[in-house]
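Visitor: here is a sequence with its predicted model. Questions after.
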Amino acid sequence: MSRKMKNKVVSNLLIERIAAEGKCVAHHEGKVVFVQNVAPGDVVDVRVTRGKSSFLEGEAIHFHEYSKDRVEPFCSHFGTCGGCKWQHINYDLQQTYKRQQVLDQFTRIAKVEIPEVLPILGSQQTQYYRNKLDFTFSNNRWLTREEINSGESFERNAVGFHIPKMFDKIIDIEHCYLQGNISNDVRNELRVFALENNLSFYDIRNQVGLLRNLIIRTSSTGESMVIVQFGADEPAEIALVMNFLHKRFPEITSLLYIVNLKKNETFHDLEVVTFAGKSYIEEEMEGLRFRIGPKSFYQTNSAQAYELYKVAREFAELTGDEVVYDLYTGTGTIANFVAKQAKQVIGIEYVEAAIADAKLNAQVNGLDNTLFYAGDMKDMLTDDFIARHAKPDVIITDPPRAGMHEDVVNMLLKLEAPKIVYVSCNPATQARDVALLAEKYTVDKIQPVDMFPQTYHVENVVRLTLKP
Ligand SMILES: C[S@@+](CC[C@H](N)C(=O)[O-])C[C@H]1O[C@@H](n2cnc3c(N)ncnc32)[C@H](O)[C@@H]1O
C-alpha cells in the first residue's frame, strides 16, 4: 500500500513542526509525512518520494499558504545549495526549534530525567560567522532546470559546494554569506584566473584535473589561511596558481598547497607545502593565543566558540584544585582555556598535528599544567593510562558527531569522575551516550548554543553529576 503512494500527490497538507535534522513534519491519514524545504505553518501539496508503512517522505510542489514565520532568504543559492537551509525561517524561531530539538532528543533517546533546557545562546552574527569554508572545483557544474531546458550551452567548470546527495555535482558559488573577509574574492578571482589560463577543473568521476579543492580559514585576529589542493603534480601550473594568489592577495598570511593524487579530498596523511607566509594562523581568546595549523580542528564560529567554552568552564565549576581531562581536545583549546582554573589538565585527541599545536599553544601561553597525548580515545583511555596519571575530578568531553565509542563511555563509568561536562554538535548521539552514563550520573544542566545560524545544527552542553 505504501509503495503505491510513491509519486502520489497529497493536497493541502499543513506543515506542523520541525523534527530532527531540520525535516518538517505533517500528517496524512494517520501517517507522519516528512517534507524538506518548507516551514511550519505552510500549507502545501506534496509529491510523495518515498513510502514506508510507518511514514512518508515528499517534496512540496505547490504552496497554498506561506507560514507567517517565513522571511525572505538572502542568498541567491538558497534552495539549491545545502549550506543554509533555514534562511526562510526567522532567526528567533530557528533558535526555538533548535532548543526544541535538544529537548526532543533527550526525551526520545536518552529517556532520563532532565532539568529545564536553558534558553539557547544565540549568535550575534547570523551571517559571515564561519572561519572556515571548503570549496570543491569541478568540471561538472550543476545546471538548473531552466538552463537545461534552454538548450544553450554553458560553462561547466565550477568552484563551490556539493549539491546535497550528489557527490559529483557542484554548485558554482557567486557569493557565500557564511564567511566574510577575503573568502568570496579569493574563490571568485581564482575561478576567473583558472578559466583565463585554461587550467583544468577536477573531474570527480574520472579523478583527473589540476584544481581540486580550496580551503579558506580566517581568524578574529585578521589572519587568513588559503590551502589549494591540486589533483595533478604539475609544478609549473601549481606555481602559476600560487603566484597569482600571492600577488593578488598579499593579505593572506598563510598560503599553502597540497598535491593530492588520492581518491578522496582528505589530507591528514599528505604533505602541506607552505608557499608563502606562516604555516598556521592564530585565534585569540581572553588574551590566550591559539595556533591553528591546516590539519587542525578549530570551532568554525569563533565568537560562539568563546560563548561555548565559557559555558563548559562554568559547568565545570573549577576552583584550582581539580584534575581535568579534556577528551577530544583538538588543538587543546578547551584544555588551555580552563588551565588557569585547574590543578592539571590532560588533553587527548587522535590527530597528531593537533596535539603538537595543543602543546605549542600551552607553551606560547605560558601554561605549564597541561599534558597532551595523541591517539584514538578508546585505545588511550585505558586502566594503564589512568594508573600513570591522576584520576580526573572533572571530565570535559567534546566528541565528533558520531559521539563517543561505547568503550569510552564504559571507561567514563568506571572512572567515576564527580562531574562530566559533555559538549556535542549532535544532540542525538549525545542523548544516546547520556542514556548509558545515566547508570551512575544525573543530568543537572543542559545549555544549547547556536554555533550555526541558518542551519538546523545545534551545539549542546550537558553537565552530568555523579550520583551519591
Ligand atoms: C568536535 S571536535 C572538538 C575539538 C575541541 N574540543 C575544540 O573545541 O576545538 C572533535 C575532535 O575529536 C577528534 N576525534 C575524533 N575521533 C576521535 C577518536 N576516536 N579519538 C580521539 N580523537 C578523536 C577530532 O580530530 C576533533 O579534533
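Guide: That came through fine.
Visitor: which segments of this protein make up each domain?
Guide: Recorded structural domains for the chain (assignment: automatic domain parsing) are 3-65, 93-125+301-466, 132-279.
Visitor: name the nearest residue to the residue in the stretch 301-450 of the chain that the ligand sits nearest to, sequence neighbours excluded.
Guide: Using CB to the nearest ligand atom, the point where the stretch 301-450 of the chain gets nearest to the ligand is Gly330, with a distance of 2.9 Å. C-beta coordinates here come from the backbone N, C-alpha and C atoms, glycine included. Distances taken as CB to CB, 6 or more residues apart in numbering place Phe297 nearest to Gly330, at 4.2 Å, with adjacent residues excluded.
Visitor: over to Gln304?
Guide: Ranked by CB to CB, 6+ apart and with sequence neighbours excluded, the top spatial neighbour of Gln304 is Met451, at 4.6 Å.
Visitor: pretty sure His175 contacts Phe78?
Guide: No. His175 is beyond contact range of Phe78, at 11.6 Å (criterion: CB atoms under 8 Å).
Visitor: more neighbours, the two?
Guide: The neighbour comparison of His175 against Phe78 (other CB atoms under 10 Å) goes to Phe78, with 18 against 12.
Visitor: test my guess that that one contacts Cys84.
Guide: Yes. Phe78 is in contact with Cys84 according to CB under 8 Å; the separation is 6.9 Å.
Visitor: now do the contacts for the residue nearest the centre of the chain.
Guide: In the chain, the C-alpha closest to the average C-alpha coordinate belongs to Thr300, at a distance of 6.9 Å (CA atoms, centre = their mean). Residues touching Thr300, when contacts are defined by CB atoms under 8 Å, 6 or more residues apart in numbering, comprise Arg130, Asn131, Lys132, Met451, Phe452.
Visitor: state the distance from it to Pro250.
Guide: 25 Å (CB to CB, to the nearest Å).
Visitor: contacting residues for the nearest residue to Val35 once chain neighbours are set aside?
Guide: With CB to CB, 6+ apart as the measure, Cys24 is the residue that lies nearest to Val35, at 5.0 Å, once sequence neighbours are left out. The contact partners of Cys24, taken as CB under 8 Å, 6+ apart, are Ile15, Glu16, Arg17, Ile18, Phe34, Val35, Gln36, Val38, Ala39, Pro40, Asp42.
Visitor: which one of those sits closest to the ligand?
Guide: Ile18 (23.7 Å).
Visitor: can I assume the closest one is in contact with Tyr456?
Guide: Yes. With the criterion set as CB under 8 Å, Ile18 and Tyr456 qualify as a contacting pair; they are 7.3 Å apart.
Visitor: neighbour count for the two, which is higher?
Guide: Comparing Ile18 with Tyr456 by other CB under 10 Å, the one with more neighbours is Ile18, at 24 against 18.
Visitor: that one pairs with what?
Guide: For Ile18, the beta-bridge assignment (DSSP bridges) gives partners Cys24.
Visitor: all helices for the stretch 51-200 of the chain, in order.
Guide: Per DSSP state H, counting those that start in this stretch, the stretch 51-200 of the chain has helices spanning 91-105, 145-150, 183-196. These are given in chain order.
Visitor: okay, now the residue of the stretch 151-300 of the chain found nearest the ligand: neighbour count?
Guide: Of all residues in the stretch 151-300 of the chain, Phe297 sits closest to the ligand, with a separation of 3.7 Å (CB to the nearest ligand atom). The tally of other residues near Phe297 (other CB under 10 Å) stands at 18.
Visitor: contacting residues around it?
Guide: Contacts for Phe297 (CB under 8 Å, 6+ apart) come out as Gly330, Thr331, Val351, Ala354.
Visitor: hang on, it in a strand?
Guide: No. In this structure, Phe297 is coil, not part of a strand, as judged by DSSP: H, G, I helix; E, B strand; the rest coil.
Visitor: adjust the sequence numbering to begin at 576 for everything that follows.
Guide: In the new count, where the first residue is 576, that last one comes out as Phe872.
Visitor: okay, it: pLDDT?
Guide: Here the pLDDT value assigned to Phe872 is 86.
Visitor: how near is it to Asn732?
Guide: For Phe872 relative to Asn732 (CB to CB), the value is 31 Å.
Visitor: and if you look at Pro690?
Guide: Counting by CB to CB, the gap from Pro690 to Asn732 is 53 Å.
Visitor: with neighbour numbers in mind, choose between those two.
Guide: Taking neighbours as other CB under 10 Å, Pro690 and Asn732 compare with Asn732 leading, 20 against 12.
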